[in-house]
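[1] sequence and predicted structure below; questions after.
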Amino acid sequence: MDGGELPAGDLIEGKGMSGAAISRHLKVLREAGLVQQRVLGTQRLYSVHSEGLRAIAEWTISKRQFWESSLDRLGDILERENSWPT
């Protein structure tokens with residue numbers, strides 16, 4: 001969907017999922033603010049909502065920093081334990 005709006009039918013083709021399954025996924029993504037839907041006659045056009053994706057990216061980066069520092073501390077502890085005489 002990075003090329004702009006797409007009709008729901010184009011999102012189904014070649015995905016190995018039923019139209020109903022794609023529709024449910026799109027509903028969840030729309031409710032989460034990750035995609036936008038625009039009605040054009042009988043078509044539903046979908047596009048990525050960049051603000052929602054930006055929020056996810058920022059959240060992921062903040063958690064990555066937390067886990068990297070936590071894993072570094074765990075690595076230091078394990079290294080000290082492995083160097084203790086048995």
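    Received it, and whenever you're ready, just let me know what you need.
[2] pull out the buried positions in the helix or strand where S47 lies.
    According to DSSP states H and E, S47 maps onto strand 43-48. Along strand 43-48, these residues count as buried under the neighbour rule (16 or more other Cβ atoms under 10 Å): 44, 46, 48. (Each C-beta comes from the backbone N, C-alpha and C, glycine too.)
[3] kindly reformat the residues you listed as a markdown table containing pLDDT.
    As requested, the buried residues of strand 43-48 are exported to a markdown table (pLDDT from 0 to 100):
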| residue | pLDDT |
| --- | --- |
| R44 | 89 |
| Y46 | 92 |
| V48 | 90 |
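[4] take those residues and lay them out in CSV including distance to G33.
    Formatted as CSV, the buried residues of strand 43-48 follow (distance: Cβ to Cβ, whole Å):
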residue, distance to G33
R44, 17
Y46, 13
V48, 11
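[5] looking at those residues, which is nearest L26?
    Nearest to L26 out of those is Y46 (Cβ to Cβ; 6.1 Å).
[6] how near is that closest one to L6?
    According to Cβ to Cβ, to the nearest Å, Y46 and L6 sit 6 Å apart.
[7] one more: I77?
    49 Å.
[8] tell me which of the two has more neighbours.
    Ranked by neighbour count (other Cβ atoms under 10 Å), I77 and L6 place L6 first, with 17 against 10.
[9] how close does that one sit to L53?
    From L6 to L53 the distance is 16 Å (Cβ to Cβ).
[10] ok, R64 to E58 distance?
    11 Å.
[11] now G4. Nearest residue, chain neighbours left out?
    Leaving aside its sequence neighbours, G4 sits nearest to S47 (Cβ to Cβ, 6 or more residues apart in numbering; 6.2 Å).
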